[in-house]
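J.: quick check, what structure comes out for this input:
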Amino acid sequence: MMNDKKADIIWGVAGNAGNGAAEAVLETNNAWFIGVDSDQEQTFIDELAAITLTSGLKNIGNSLIWVFDEIDAGNDDFWGTEIALGLAENGVGIVDDKNYDAVVPDSVKELVAEAIKAVQDGSVEVSTAFGPNKVDVAEIRDSVRP
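T.: Numbers count the residues shown, from 1 in each chain. Predicted coordinates:
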């Protein structure tokens, strides 16, 4: 049931609650798992680490450094506001070592690196359903549908 659609990769985005998805992927023995929040390949038992292709990271440490850098620079007008620290600010990312490095073809790694660079240098703008530039969530969802 977990992988009736025969997906190659399953991303159980639910914090630690998503760990059950990793266990289900292991039981199916026919897909990769993507971790969330931290490098789950590092935190899982060996059997689950072996099927964890990469993880989507929340770089909380970088967020803290950003706050203290702003304070050190005398900028404290962000208190009480919402600040988005995304890929361009290194607030999020992916794990690109071990299984990712061993399994993902170089051509795909190059495309991922190019996409990251494009977001970071501003040549690609990622839309959002949050904040002052709010867009219709259904439009975003439908734009990426196969």
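J.: now the longest helix seen in the chain, how far from the chain's geometric center?
T.: Criterion DSSP state H: the longest helix present in the chain is helix 106-120. Remark: helix 106-120 is offset 14 Å from the chain centroid, using Cα atoms, centre = their mean, to the nearest Å.
J.: next SSE after that helix?
T.: Counting by DSSP states H and E, the next helix or strand C-terminal to helix 106-120 is helix 137-143.
J.: quick one on the thing from earlier: list the buried residues in the longest helix of the chain.
T.: Applying a neighbour-count criterion of 16 or more other Cβ atoms under 10 Å, one finds I116 buried in helix 106-120. To be clear about C-beta, it is placed using only N, CA and C from the backbone, and glycine gets the same treatment.
J.: next one: stretch 19-29
T.: Those would be N19, A21, A22, E23, A24, V25, L26, for stretch 19-29 by 16+ other Cβ under 10 Å.
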